[in-house]
Structures are given as C-alpha cells and as structure tokens.
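1. Here is a sequence with its predicted model. Questions after.
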Amino acid sequence: MHEAKWLLEGHDFFTKEGAFVKWYDSKFFLLIHNGKKFHGELVEDASESQKLIIKINHRVFELKRKGELDALISSLGLDKPKIRKMKELHSPMPGRVVQLFVSVGDVVNPGDNLLSLEAMKMENILKAEGFGKVKSIHILGGDVVDKGAILIAFEED
C-alpha cells in the first residue's frame, strides 16, 4: 500500500490509497476519502516549495509535502522557532507612555503586551519580542520619552 507523508497545519499527516481527488478546473476539486465527499478550492499554489493552501468545506488548510530534507532539518533542530531572551525594551519612537501592562517581577512571553505608547496621536501597544522577567521599569504612565530611551529592563540569568 502506497503511503505519502504530508504536513497538514504543521502536523504530520499520512494518506493511504483510497483517497481520490477529482479536479473540476484548475481551482476547484472534489475530495473523496473513505466514501465521504469534500468540496475544495485551491487558494494558493506554491508547488515549487511543495506547499499548497486549500479550502475544504469553508476551512483553510496549509499542506506541505514532507521530503528527506525536511527530516534532516528537523533532526538538526533547525525547524524550531528561535525565541530570544529579552534584555531591554527601548522606545521605537518619541512619545508619551499611556499605560503600563507589566510590573517588576512579571514574567513575559513573546507577544505579551508591555506598555502603550502614544505617538503622533496614535496609540501603539509595545509587545514582548522574547521572554524574560521584568527587573526594572524606567518610566511611569504619562512620561514623555525619546526614541531609543530604555523603558523596561529584564533580568539576565
């Protein structure tokens, strides 16, 4: 029995004989698997990188064919996202601190809200770009800061 290895939404997925695809045209298809019919649409064809974005029954999926190079990259750990430890948060622009979302001692993870900075009448939420524990906060709500000013320092373990 023939088996193909794919990544479906980043998870291993194995297909065996019995799945059948009938193309209506270059964009729409019918997928029949275990006697069930699924209507699909090709959203993006990146076949040169062995990747497809498809929509089946109104859900979008990313498919990627696994090959020998994928196994090597995974075994070397090169497929893991690199998340860095934060040392300091600097102001990306001059502005006024509207609100702080963290306190000294808080542990932050990538994507966590740190503070709100108003610049040119727009409020910008500064988020953590790595992980860390807040060591000190160098500003207060309402403070006006220059570009490059140190706003928050993180512990260095």
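-> Ah, there it is.

2. Now do the helices for the protein: every range, in order, please.
-> 68-75 (DSSP state H).

3. quick one: low-confidence ranges for it?
-> 1-18, 47-48, 65-67, 79-82, 157 (pLDDT under 70).

4. okay, now the domains of it?
-> 3-75, 88-154 (automatic domain parsing).

5. now, of those domains, which is deepest in the fold?
-> Greatest average neighbour count among those goes to domain 88-154 (a mean of 15), per mean count of other C-beta atoms under 10 Å. Bear in mind the C-beta positions are built from the backbone N, C-alpha and C, glycine included.

6. how long is that domain from one end to the other?
-> Start-to-end span of domain 88-154 (C-alpha to C-alpha, to the nearest Å) is 6 Å.

7. Also stretch 83-103?
-> 22 Å.

8. again with stretch 77-85
-> Start-to-end, stretch 77-85 (C-alpha to C-alpha) is 18 Å.

9. please renumber so the chain begins at 727
-> Sure, I'll start counting at 727 from here, so that last one is stretch 803-811.
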